[in-house]
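Peer 1: Predicted model and sequence below, questions to follow.
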Amino acid sequence: MARPIDRPTDSPSIVHRERSASTEPACTEPAAEAVAAPVAEAEAAFAVPPEEIPRHVAIIMDGNRRWARARGLTEMEGHAAGVEGIREIIRHAVRRGIPVLSLYAFSRENWARSDEEVGGLFVLLERVIRNETAELVAQGARVRILGRAEELPPETRASIQKAIDATSGGQRLQLNIAFNYSGRTELVDAARKLVARGLAPEEIDEDVMAGAMYTAGLPDPDMVIRTGGDERLSNFLIWQSAYAEILFYPTLWPDFGPADLDAALAEFASRQRRFGR
């Protein structure tokens, strides 16, 4: 019998319910006229000037499991398809000159899923890190993990650290992977840091709080994208996203590609940001 997953003591209880057949989304393939244009044509059509590219794009990558179920595949096959999508989005982010990209990969709430899925996600993460580190170095990406890495299995932590060390010289893209992440946990951890430093209440302001976050030293997200159709932040970068432009897409994450990111960048450039003024 497999050994149960060791979960953090304050993680959610184990809840894993299968959707009924009646609630499964229909498997739909894009119409021929919706197929992406050739790369050269797409590049010619992209008209967002460099100064209007967001400094920080954050993505809630939702829909892997629904994508798999709609195709009669296993949930892990859906997660694997989602990983393939990550590779293309990273390449395209570099191509478009996005300085910071944050991807929501595993929330602390995800501990509530089955042992099989949680364990499979860790195995997938380790394999991806091993296989993709050279590509990340070639792309000029620098990896940072957002979340409580100390709660992850030792072998997962070791793989993550190797990727962080190998990509430390990256200058083109700051790639943040939110793994074992929760926005509320981040606030708790930031508060604990400030208490440990012995700061008096009057010494704590928004700048001090920002400096204690996992994202310390990085610009706040200008744009948050969520795929999969749901319209909520799901505890992702809740402090940092106070003035982010939020875009929701029905597209399931494995189907979200460079053309979709271009559409989001164009939408961002069309918006007038007033920051309360």
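Peer 2: That came through fine.
Peer 1: Let's verify Arg142: helix, strand, or coil?
Peer 2: The three-state label given to Arg142 by DSSP: H, G, I helix; E, B strand; the rest coil is strand.
Peer 1: whoops, Ile129 was the one
Peer 2: Criterion first, three-state DSSP; result for Ile129: helix.
Peer 1: That one: how many residues sit nearby?
Peer 2: A count of neighbours around Ile129, defined by other C-beta atoms under 10 Å, yields 21. Using the backbone N, CA and C atoms, a C-beta is placed for each residue, glycine as well.
Peer 1: distance of it from Asp115?
Peer 2: Ile129 is 21 Å from Asp115, where distance means C-beta to C-beta, to the nearest Å.
Peer 1: cool, and Ile89?
Peer 2: 29 Å.
Peer 1: Which helix or strand contains the residue nearest to Leu199 when sequence neighbours are not counted?
Peer 2: Leaving aside its sequence neighbours, Leu199 sits nearest to Val208 (C-beta to C-beta, 6 or more residues apart in numbering; 7.1 Å). Val208 is located in helix 206-211, with elements delineated by DSSP states H and E.
Peer 1: Off-centre distance for that helix?
Peer 2: The chain centre lies 22 Å from the centre of helix 206-211; the measure is C-alpha atoms, centre = their mean, to the nearest Å.
Peer 1: just checking, what packs against that helix?
Peer 2: On a contact count with 3 or more C-beta pairs under 8 Å, 6 or more residues apart in numbering; DSSP states H and E, helix 206-211 meets helix 183-196.
Peer 1: after the helix holding Val208 comes which helix or strand?
Peer 2: strand 223-226.
Peer 1: What strands line up against that next one, and which way round?
Peer 2: strand 56-60 (parallel), strand 245-248 (parallel) (DSSP bridges).
Peer 1: what's the nearest residue to Val48 if we skip its chain neighbours?
Peer 2: Closest to Val48 by C-beta to C-beta, 6+ apart is Ala269, at 4.7 Å.
Peer 1: which residues sit against the host helix or strand of the one you found?
Peer 2: Counting by DSSP H and E, the element that carries Ala269 is helix 258-270. Contacts with helix 258-270, where a contact means C-beta atoms under 8 Å, 6 or more residues apart in numbering, come from 36-37, 42, 46-49, 52-54, 57, 88-89, 91-93, 95-96, 222-223, 225, 245, 247, 249, 251.
Peer 1: now the strands for the stretch 1-150 of the chain?
Peer 2: 56-60, 100-107, 141-146 (DSSP state E, counting those that start in this stretch).
Peer 1: Could you export the ones you listed to TSV, including columns for mean pLDDT?
Peer 2: Formatted as TSV, those follow (pLDDT from 0 to 100):
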stretch	mean pLDDT
strand 56-60	98
strand 100-107	95
strand 141-146	96
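Peer 1: Just say which of the ones you listed is most tucked in.
Peer 2: Sort those by mean neighbour count, taking mean count of other C-beta atoms under 10 Å, and strand 56-60 sits at the top with a mean of 26.
Peer 1: tilt between that strand and strand 100-107?
Peer 2: 20 degrees (axes from the mean of the first three to the mean of the last three C-alpha atoms, to 10 degrees).
Peer 1: burial measure for Val83, as a count.
Peer 2: 20.
Peer 1: Was I right to think it contacts Val123?
Peer 2: No - taking contacts as C-beta atoms under 8 Å, Val83 lies outside contact range of Val123: 11.8 Å.
Peer 1: could the strands paired with strand 223-226 go into JSON lines alongside distance to Ala178?
Peer 2: As requested, these are exported to JSON lines (distance: least, C-beta to C-beta, whole Å):
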{"stretch": "strand 56-60", "distance to Ala178": "8"}
{"stretch": "strand 245-248", "distance to Ala178": "16"}
